[in-house]
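Asker: Just a sequence and a predicted model for now, questions to come.
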Amino acid sequence: SRATVLDSGDPAAYMYSDFACEGSFNISQFCDPQVDTALADAAATDPGDARRTAILDAEKLILEKDAAVPLLHERVIQGESENVTGVARDPRERTLITNQTAFE
């Protein structure tokens with residue numbers, strides 16, 4: 001699954017991986033120096049409003065270049081046995097079993 005390739009909630013990291021010339025998951029082989037600069041600027045900006053703006057600027061540039069067409073958001077479907085209690089329902093899909101999880 002694409003969601004497990006990069007363990008980061010940082011959009012700048014995902015966009016670099018997918019759309020930078022040297023991105024590790026750049027399967028489209030898209031390469032644009034202007035996008036690379038925008039992604040580097042976003043990654044170098046401290047968290048906060050300025051970083052959010054830099055990330056949105058990079059995303060806008062990527063979409064204007066037709067590098068990607070967003071189609072879906074992949075979700076995990078979680079089934080649970082009646083015999084298991086205390087299962088985590090994590091909206092970020094990172095946690096399933098905790099110290100409260102038990103098999104009865």
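Answerer: Done, it's in.

Asker: CA only for contacts and neighbour counts going forward, please
Answerer: OK.

Asker: Check which helix or strand the residue nearest the centre of the chain maps to.
Answerer: Most central in the chain under Cα atoms, centre = their mean is Tyr14, positioned 4.8 Å from the mean C-alpha point. Assigned by DSSP states H and E, Tyr14 belongs to helix 11-19.

Asker: any idea how far Ala40 lies from Tyr14?
Answerer: With distances taken as Cα to Cα, to the nearest Å, Ala40 is found 12 Å from Tyr14.

Asker: whoops, Gln29 was the one
Answerer: Distance from Gln29 to Tyr14, by Cα to Cα: 15 Å.

Asker: Ala13 - how many residues pack around it?
Answerer: 20 (other Cα atoms under 10 Å).

Asker: measure it to Ala44 for me?
Answerer: Relative to Ala44, and taking Cα to Cα, Ala13 is found at 11 Å.
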